[in-house]
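Enquirer: fold the following.
(3 chains)
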Amino acid sequence: MSINNKPVKHAADSLLPDWMLANRTRVLTSEGTEPKEGQSVVYWMQRDVRSVDNWALLWARDLAMQHDVPLHVVYALPPPASSDGSDNDRDLPPALIQLPMTKRHGDFLLGGLECVYKELKEMKIPLYVCLPDSHEKVGETVCEAIQHKYKAKIVVSDFSPIREYRQWMELQAVPILEEAKVPFYQVDAHNIVPVWTATDKRQVGARTLRPRIHKVYNDYLQDYPDLKGNSHSVDQPKFDRVEYESFLQMDESVESVDWAQPGTEAGMKQFEFFSKNGLKIFHEQRNDPVQKHVCSDMSPWINHGHISFQRLALNVKALNKHANGTAAFIEEGVIRRELSDNMLYYSPNDYDSLETAAGWARESLQLHASDEREFVYSLSELEEGRTHDDLWNAAQLQMVRDGKMHGFMRMYWAKKILEWSESPVGALRTAQYLNDKYELDGRDPNGFVGVGWSIMGIHDQGWKEREVFGKIRYMNYNGCKRKFKVEEYVAQYKGAAENAANAVEETNGSSNKRKSLPSSSNSKQKTARK
DNA sequence: ATCGGCTCGCGCAA
DNA sequence: TGCGCGAAGCCGAT
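Expert: You can find the predicted model right below:
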């Protein structure tokens, strides 16, 4: 079932406290769905897993106060991946929906959720975790809690442009709530300028989104009010971490990382470190993968919703130092990050496929689809970092080991996957698969757009035509040598190779649900042409 | 070391 | 309708 963007209708002014901008909201249920009798307001938390700096939670709490009922928070754990093999992509790595939750992601997700549970409990706000049987049942399961467990009169959710979230909310829950006459409001609690407000269509690049956001940026960069706790006494559900862990059926071969602990507090510590060390040189050194302590490394917490980027924007503004570093940080954290949401929101059904590329890019990749490739690697050769390119292998191993690849290397890494794959379609899916499996900040719009920028020219322009790439921007080893000390970067990941190989073997051996992936027999290395 | 051309499409001037 | 301009890079000329 495909997702359609309907014209955005904002919540009526009478529902909004003076600090809540109508543009942050949209009404998902149809006109005439008015609050009837009910005993609570429910906040369906999904993308923005935090108790502070969360416009959806704040507004839901205010609505509960207006109606003199308690607030309940409901979160749906993502149901285990179902790979029934019914799709026609047998030769491609699994798409996000078929990808098992890794321990790396699951631990971070549950850790953050547990923090929120405790923080809310202190304020007498209960958090109830739903366990839907399948992807198709998420909306139904959450609505069951909304309607029968909590008898809600109003539902507020946060917003994500990821397809699965939109299916759960817009396609599955909306009809049930309309039938039950429970109005369903959504808040873009993730972006500073809400995605549907910044522009009303997909943008071709940063240069068209930037002026639109800058024009209204200060209007939306409001400080957050404090969250007030429930005054009603309500039952507190238990937080059963063990049960949730077994529900997720995690892929244990991708281990958690030590450097990033889940939760708002841990994330803010990382940010304090960055604002003391990296911010002042961010504009000059963020593209040098050898430099330590330049990048903010905030994306795990931002993407999992543990921290609001708006909080970081407010903090760097209050710091009022390092104008150039701050400008570069805001450019990446606001313009480029919100550009990703823009792409997914306005192309909800094809943001992860070649179909979403611009005409020039599709045609050009098609024209060069049968060009002879100098190297073609199998998925396992790539996954284990066993290519001829030590720089690429190091980047891959950084991702496998640390759950985070340097931003500049992500571009080079994905471009080489295009260069070394049989087809652009396969390259795209392989890069998305590896990104979503290993990056702690994967499974997110920024990942789809980052990979899309590299492989199919999303938000980029055409460049000098060449083999395999066509007009897609090319990157190579020599360019990296010009920019940073390649040997130094490579040396950092020596010895990580065997670990990666073991992890991959474990994954593929233990997962009987996983459909078979391209085997290394596909691998070939051809001699250079000309 | 630094610069300009590469190539495309938006947005503005006409 | 035509033209200026940007853009998370490469490459060759200076």
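Enquirer: pull out the buried residues from stretch A:393-404.
Expert: Buried residues in stretch A:393-404, counted by 16 or more other CB atoms under 10 Å: A:393-404. All C-beta atoms are positioned from the backbone trio N, CA, C, and that covers glycine.
Enquirer: quick one: it near DNA strand C?
Expert: No: on the criterion CB under 7 Å from any atom of the strand, stretch A:393-404 is out of touch with DNA strand C, staying 13.4 Å away.
Enquirer: which members of the buried residues of stretch A:393-404 occur in helices, if any?
Expert: Counting by DSSP state H, the part of the buried residues of stretch A:393-404 found in helices is A:393-402.
Enquirer: tell me which of those residues is nearest to A:Lys9?
Expert: Using CB to CB, A:Met399 is the member of those that sits closest to A:Lys9, with 41.5 Å.
Enquirer: the closest residue to that closest one other than its chain neighbours - how many residues pack around it?
Expert: Taking CB to CB, 6 or more residues apart in numbering, and ignoring the residues beside it in sequence, A:Met399 has A:Met405 as its nearest neighbour in space, at 4.2 Å. Residues lying near A:Met405 (other CB atoms under 10 Å) number 25.
Enquirer: list the contacts of A:Met405.
Expert: A:Met405 makes contacts with A:395-396, A:398-399, A:413, A:439, as judged by CB atoms under 8 Å, 6 or more residues apart in numbering.
Enquirer: out of those residues, which comes closest to A:Val425?
Expert: A:Trp413 (18.2 Å).
Enquirer: now check the helix or strand harbouring A:Glu363, is it near DNA strand C?
Expert: For A:Glu363, the host element (DSSP states H and E) is helix A:359-367. No: legend: contact between helix A:359-367 and DNA strand C by CB under 7 Å from any atom of the strand is lacking; minimum distance shown is 11.4 Å.
Enquirer: did I read that right, A:Tyr43 in a strand?
Expert: Yes: with DSSP: H, G, I helix; E, B strand; the rest coil as the criterion, A:Tyr43 is located in a strand.
Enquirer: need the residues of the stretch 201-350 of chain A near DNA strand C, please.
Expert: Contact residues (CB under 7 Å from any atom of the strand) of the stretch 201-350 of chain A with DNA strand C: A:205-207, A:210, A:287, A:336, A:339.
Enquirer: let me fix that: the stretch 401-530 of chain A
Expert: Residues of the stretch 401-530 of chain A lying close to DNA strand C by CB under 7 Å from any atom of the strand are A:407-408, A:410-412, A:449-450, A:453, A:461, A:463-464, A:473-476, A:478-480, A:482-483.
Enquirer: need the buried ones from the residues you listed selected in ChimeraX.
Expert: Those of these that count as buried under 16+ other CB under 10 Å are selected in ChimeraX with:
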select /A:408,410,411,412,449,450,453,474,475,480
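Enquirer: and whatever residue of the stretch 151-300 of chain A ends up closest to DNA strand C, what helix or strand is that in?
Expert: Nearest to DNA strand C in the stretch 151-300 of chain A, going by CB to the nearest atom of the strand, is A:Arg207, at a distance of 3.3 Å. Here A:Arg207 sits within helix A:206-220, counting by DSSP H and E.
Enquirer: could you give me the average pLDDT of that helix?
Expert: Helix A:206-220 shows a mean pLDDT of 90.
Enquirer: could you give the separation of that helix from the chain centroid?
Expert: Counting by CA atoms, centre = their mean, to the nearest Å, helix A:206-220 is centred 22 Å from the centre of its parent chain.
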